[in-house]
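>>> Please work out how this folds:
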Amino acid sequence: MSRTRVIEELEKEYVKKEVPVFNIGDTVRVNTRIIEGEKERLQAFSGTVVARKGTGLSETFTIYRNAYGSSMDRVFLLHSPRIASIEVVRPGKVRRAKLYYLRGKSGKSAKVREQYVAGEEAAPASDEPKA
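Below is the predicted model of the structure:
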């Protein structure tokens, strides 16, 4: 058995079984477990996914967020036990693999277009006239 095959076998038990599907440009909310002394709580971090790197156990994704005048990047390990959940808040439509150009931008210039999913439709129009 080759060395890489042995490493892959060892990593299989640590890889999460259910990983949500999200892409570059999506706005996501990541709930991380924070341990303070004996207490454990969840802390949400939301932003735009600007990069995904790696494969297997070492796969990471970077989230960019600009809030209250300060911007920050945060890198998460996808299969980390510290990540409680990942929710896609808004799917984005981009044409690049890395969105590092968003750094330092705010407002309209940092906007990512929303991708409309074919299965989701707008609220059905009612036949009643509006008052």
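
>>> What is the burial count for the nearest residue to A97 once chain neighbours are set aside?
Leaving aside its chain neighbours, A97 sits nearest to I24 (6.3 Å; criterion: Cβ to Cβ, 6 or more residues apart in numbering). In short, each C-beta sits where N, CA and C put it, glycine included. I24 has 19 neighbours, counted by other Cβ atoms under 10 Å.

>>> where does I24 land in three-state SS?
coil (DSSP: H, G, I helix; E, B strand; the rest coil).

>>> For it, give me the backbone phi and psi.
Phi and psi for I24, reported as degrees, to the nearest 10, are phi -60, psi 140.

>>> In this structure it contacts I63, no?
No: taking Cβ atoms under 8 Å as the definition, I24 is not a contact partner of I63, at 10.9 Å.

>>> which residues are common contacts for those two?
Counting by Cβ atoms under 8 Å, 6 or more residues apart in numbering, the shared contacts of I24 and I63 are V49, V50.

>>> Provide a list of residues in contact with the residue nearest to A97.
Per Cβ under 8 Å, 6+ apart, neighbours of I24: V49, V50, A51, R52, G92, V94, R96, A97, K98, L99.

>>> Go again with 10 Å.
48-52, 61-62, 92, 94-99, 112 (Cβ atoms under 10 Å, 6 or more residues apart in numbering).

>>> R41: which of those residues is nearest?
Using Cβ to Cβ, F61 is the member of the contacts of I24 that lies nearest R41, at 22.4 Å.

>>> and the residue positioned nearest the centre of the chain, what are its bridge partners?
Closest residue to the average C-alpha location of the chain: V28 at 4.3 Å, with Cα atoms, centre = their mean. In this structure, V28 bridges to G47, V88 when assessed by DSSP bridges.
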